[in-house]
Every structure is written in C-alpha cells, then in structure tokens.
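Student: Would you be able to build a 3D model of this:
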Amino acid sequence: MRLDGVWWLEDRLRQQLRPVPFEVPPGVSRIGVRLDYDRSAGAVLDLGCAGPEGFRGWSGGARQEFAVGARHSTPGYLAGEILPGVWHVWLGLHRVPPEGVRYSLEITFSDKAEQADRQLGHHHVRALQRPPARELPAVDGMHWYAGDLHAHTEHSDGTLTIDALARLAAETGLEFLAVTDHNTISHYPFLEKASGAAGVTLIPGQEVTTDLGHANVWGSEEWIDFRRPASQWMKQAEKAGALFSVNHPLAGDCAWRHQLTTQPSIAEIWHWSWFDRTWGWPLAWMKRHPAAIIPVGGSDFHEPGGTPASLGAPITWVLAEECSSPAILAGIAAGRTALSADRTGPLVLRCGDEITTLDADGLILVRPDETRVVVRADASGRQSFPARQSGMYRLETWRNEVVALCA
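Tutor: Next up is the predicted model:
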C-alpha cells in the first residue's frame, strides 16, 4: 500500500493525530511501514501503530520507518501475533509549516520467517566500575537510595539500548533508574534482565507526551493512552496502582499546559532545564498550589554527550525499605524524597523529626516559611535542625542558587 499527499497547517489544527487504516490479510508475520516527507522547512511528522486489539507502538518523530513482527519489532513497537483485520498507522502532525508538507507512506507485508533485526556478534564485556555508595543516616530501618526518574532509550528518541543505559546507571552510582520512553511500553519486557545484569533497579515507566505537556507514569503495566485528556491519564494510573507526575512544568515549549480536574501530587520540579538555579520559577510553581506537591527530579537523559549530557543530574533520593521498584515507588508516594545536583554534593534530608544537612557547611538552609539559617557543620560534615514545619526545605548558596532540597 502506498499513499501520497500533502498535509496542511489547517489539517493539523483540525485533527493532529491521523489514523490511516489498512487491511492485513491472513498469514502475515511482519508489517513494515516507511514514511518519507520533506523536512527542509522544519516539518515533523510522528509515527505510531495500532492493531485490531489496540496499541502496538509509537516512535513519534524519532523514526521514519518501523516494523512490527510476531517475534521481533523495531524498538518502540510491541512484538506479537499479527492478527488479520483492520490496522492503523498513526500519523502525528507535530509540526506543519504554512506551505504544507508533502509525504509518502508505504506499508508492506511479509509472510516469511522473521530474522532478528540486528547481528549481535561477539563483544568484549568489561567489568562494571560502580562507585561506592554514600553513607547516609537510616530512618526507622529505612535507607536512602540514589536514582534518576526520567531517562530514554532507543525505544523512543534515546540512542542507548536498555542494557547500555543500565550499565551507565551503575557506573554513575545510581541504585535505581526509571526508564520512561515516550508513549510506549515496548521496553518493559527487557528491563528485568538488564536490571539483574547491571545491579540497578530499573523501574518501568512511560512518558506520556503531547504538545501541551508531558507526564511520567511509573509502575503501570498498562499503556497510558496519550490521545485522551490528561485527567484520564491520572485516573488510569491511579486505577493501575501507579504513580503520576507532571514533568518539567515550566520547561520551554514542553511546559505543562493541560487542564486537570484534580491537583497532581507529584511534580518533576528539578529538570535539566533548570540550569540556572538562581531562577526561582520551579519553587514559585510549587507554591502556587494550595496542597503540598511531592518534588522529584529527572535528568531526561537521551544520549551521552547530548542535552542533558549526564545521567543522574539531578539525583532523586528516596527513603525506602529496600531498593526494589515497589518499595521505591511507595517511598515516593509517601513523600520521602530529596533532590540534589549530583550524588556526592550537598544534601538536605528529612529524617523523622529532624532536618539533616550533609556537606553543606556555609550554605543557607531555607525553611518552608522562607526563614533562613546558615549551616555550620560539625567534623562529620553534618548538622541537624528541628523539623518543626511541614513542606519543602532547601539549601542555597549565598548567591541564592539552589543546590539541594527535600520534601
């Protein structure tokens, strides 16, 4: 099947996601889709796919072709039986210039036995070089674990395989990492094996991604339908026993603009785009909400040397009973979180009825009511203060740069 045409700006405004139906005959073991279009004027068209039983994959604007097969699929797409019947290619009109964009869509079928998409070959595997864990105070038998709650792989617009990302997480000193590819769950089947090999807890996540904002959902086995209103994402996550977080609410063109019927309880306050932390807008966003929001952080990592360049910047610390996915998510849900610029720098933790600062001598502790005190650490690098106020405590430099905070 081949379809040629032009999308106009009016088409995008009328309906951004365009399902293109096609009939799959019996006996097909593999479907191939290729999209060609003129990108010279800045046009971006997204790709996705659905079968008779629903969602089969999404790659957004990261790919111009994909394959779905019974045993193997392009990263971002779910392998499984190719049922006969009506399928749909999802074309997302993400960016369409006023002069329009010409496109060509080609769909092919194969009934031949599948072959793996990549040749594995023989590779030398070096030993992991994990840095030592940081010694932090235990609280009621629970421990603080270091992680990153926002990262991407080749299953969306990242460049690393899941195995490579897990190894990088281990060598960065992370103890947990949420893999949050855009609008897909095709990475889920590969997380457990990669987690065991690298010794890092990989949390299944998905970044629900639209033009009006992004949200992370952690711990849901179900695919969250990004085509629905954002309030339904929250309800679907809650029904699945998962956590929902508004991502980078004030980050450029992907700032949060969705309308929600209920206030979110978790938000990615610290994102790589907060590169000048003398800017107070993330703190102002939190304060405008009448109820407390649990702060989390995420690097939004895509590739080494890209933007952001570092996995685990910032670090999200979670106080949990153990470093398992359910325990980490339970710790976040309970509000036992702290954020820091990196794994070894200054830190502020809520430890029962005390606020404990680490490696923060000369910094300023800012209480929830905005009163301030200078930290004068002891020989161990620590100083504790009474935790008399509910809400967020933070550490700042004398220049008002935020370097750490805790829920």
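
Student: what's the distance between the residue nearest to His289 when sequence neighbours are not counted and Arg382?
Tutor: In space, and not counting its chain neighbours, His289 is closest to Gln263: 6.0 Å by C-beta to C-beta, 6 or more residues apart in numbering. All C-beta atoms are positioned from the backbone trio N, CA, C, and that covers glycine. Counting by C-beta to C-beta, to the nearest Å, the gap from Gln263 to Arg382 is 35 Å.

Student: Looking at these two, which is more packed in?
Tutor: Arg382 (18 against 13; other C-beta atoms under 10 Å).

Student: Looks like that one contacts Asp361 (just checking).
Tutor: No: if you go by C-beta atoms under 8 Å, Arg382 and Asp361 don't touch, sitting 9.6 Å apart.

Student: Can you pull the residues that touch both of these two?
Tutor: Residues touching both Arg382 and Asp361 (C-beta atoms under 8 Å, 6 or more residues apart in numbering): none.

Student: Now do the helices in the chain.
Tutor: Applying DSSP state H to the chain gives helices spanning 9-14, 162-172, 191-198, 230-239, 281-287, 325-333.

Student: ok, for Gly5, nearest residue in space, not its chain neighbours?
Tutor: Tyr103 (6.3 Å).

Student: what's near enough to touch the one you found?
Tutor: By C-beta under 8 Å, 6+ apart, the contact list for Tyr103 reads Asp4, Gly5, Val6, Trp7, Leu35, Asp36, Tyr37, Asp38, Leu45, Leu91.

Student: so where do the strands sit in the stretch 1-150 of the chain?
Tutor: With DSSP state E, counting those that start in this stretch as the criterion, the stretch 1-150 of the chain has strands at 2-7, 17-24, 30-37, 44-51, 54-60, 65-69, 85-95, 101-110, 143-148.

Student: Could you work out the most separated pair of the contacts of Tyr103?
Tutor: Asp38 and Leu91 (14.7 Å; C-beta to C-beta).

Student: if you count what's nearby, which of these two comes out ahead?
Tutor: Leu91 (21 against 14).

Student: pretty sure the more buried one is touching Leu105, no?
Tutor: Yes: Leu91 lies in contact with Leu105 (C-beta under 8 Å); the separation is 7.3 Å.

Student: Quick check: neighbours shared by those two?
Tutor: Val20, Leu35.

Student: tally of neighbours for Ser310?
Tutor: For Ser310, using other C-beta under 10 Å, the count is 16.

Student: First residue to last residue on stretch 372-390, what's the distance there?
Tutor: Stretch 372-390 has an end-to-end distance of 15 Å (criterion: C-alpha to C-alpha, to the nearest Å).

Student: hmm, who's touching that stretch?
Tutor: Contacts of stretch 372-390 (C-beta under 8 Å, 6+ apart): 292, 350-369, 393, 395.

Student: at 7 Å instead, please
Tutor: Residues from elsewhere that reach stretch 372-390 (C-beta atoms under 7 Å, 6 or more residues apart in numbering): 350, 353-369.

Student: average pLDDT for it?
Tutor: In this model, stretch 372-390 has a mean pLDDT of 94.

Student: Going by neighbour count, list what's buried in it.
Tutor: Going by neighbour count (16 or more other C-beta atoms under 10 Å), the buried part of stretch 372-390 is Val375, Ala377, Arg382, Gln383, Ala387.

Student: What of stretch 246-264?
Tutor: For stretch 246-264, by 16+ other C-beta under 10 Å, it's Val246, Asn247, His248, Pro249, Leu250, Ala251, Cys254, Trp256, His258, Pro264.

Student: So which of those is the closest to Glu23?
Tutor: For these, the nearest to Glu23 is His258 (35.3 Å; C-beta to C-beta).

Student: Isn't the closest one up against His214?
Tutor: No: using C-beta atoms under 7 Å, His258 makes no contact with His214, being 9.6 Å away.

Student: Dump the buried residues of stretch 372-390 to CSV, plus distance to Gly345.
Tutor: As requested, the buried residues of stretch 372-390 are arranged in CSV below (distance: C-beta to C-beta, whole Å):
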residue, distance to Gly345
Val375, 13
Ala377, 13
Arg382, 14
Gln383, 16
Ala387, 22
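
Student: Between the residues you listed, which sits nearest Gly141?
Tutor: For these, the nearest to Gly141 is Ala387 (18.7 Å; C-beta to C-beta).

Student: count of residues packed around the closest residue to that closest one other than its chain neighbours?
Tutor: Using C-beta to C-beta, 6+ apart and skipping residues adjacent in sequence, the residue nearest Ala387 is Ile355, 4.8 Å away. Using other C-beta under 10 Å, the number of residues around Ile355 comes to 20.

Student: Show me what Ile355 bridges to in the sheet.
Tutor: Arg350, Phe385 (DSSP bridges).

Student: any idea of the pLDDT on it?
Tutor: 98.

Student: who touches it in this structure?
Tutor: By C-beta under 7 Å, 6+ apart, the neighbours of Ile355 are Val348, Ser384, Phe385, Ala387, Tyr393.

Student: Next one: the second one from Ile224, what distance?
Tutor: What it means is Ser384. Distance of Ser384 to Ile224, given as C-beta to C-beta: 41 Å.

Student: Equivalent analysis for the first one, please.
Tutor: With the distance defined as C-beta to C-beta, Val348 ends up 33 Å from Ile224.

Student: Those two: which has the busier surroundings?
Tutor: Val348 (26 against 23).

Student: circling back: which member of the contacts of Ile355 is positioned nearest Pro75?
Tutor: Nearest member of the contacts of Ile355 to Pro75, counting by C-beta to C-beta, is Val348, at 38.6 Å.

Student: From what I see, that closest one and Val403 are in contact.
Tutor: No: Val348 is beyond contact range of Val403, at 8.9 Å (criterion: C-beta under 7 Å).
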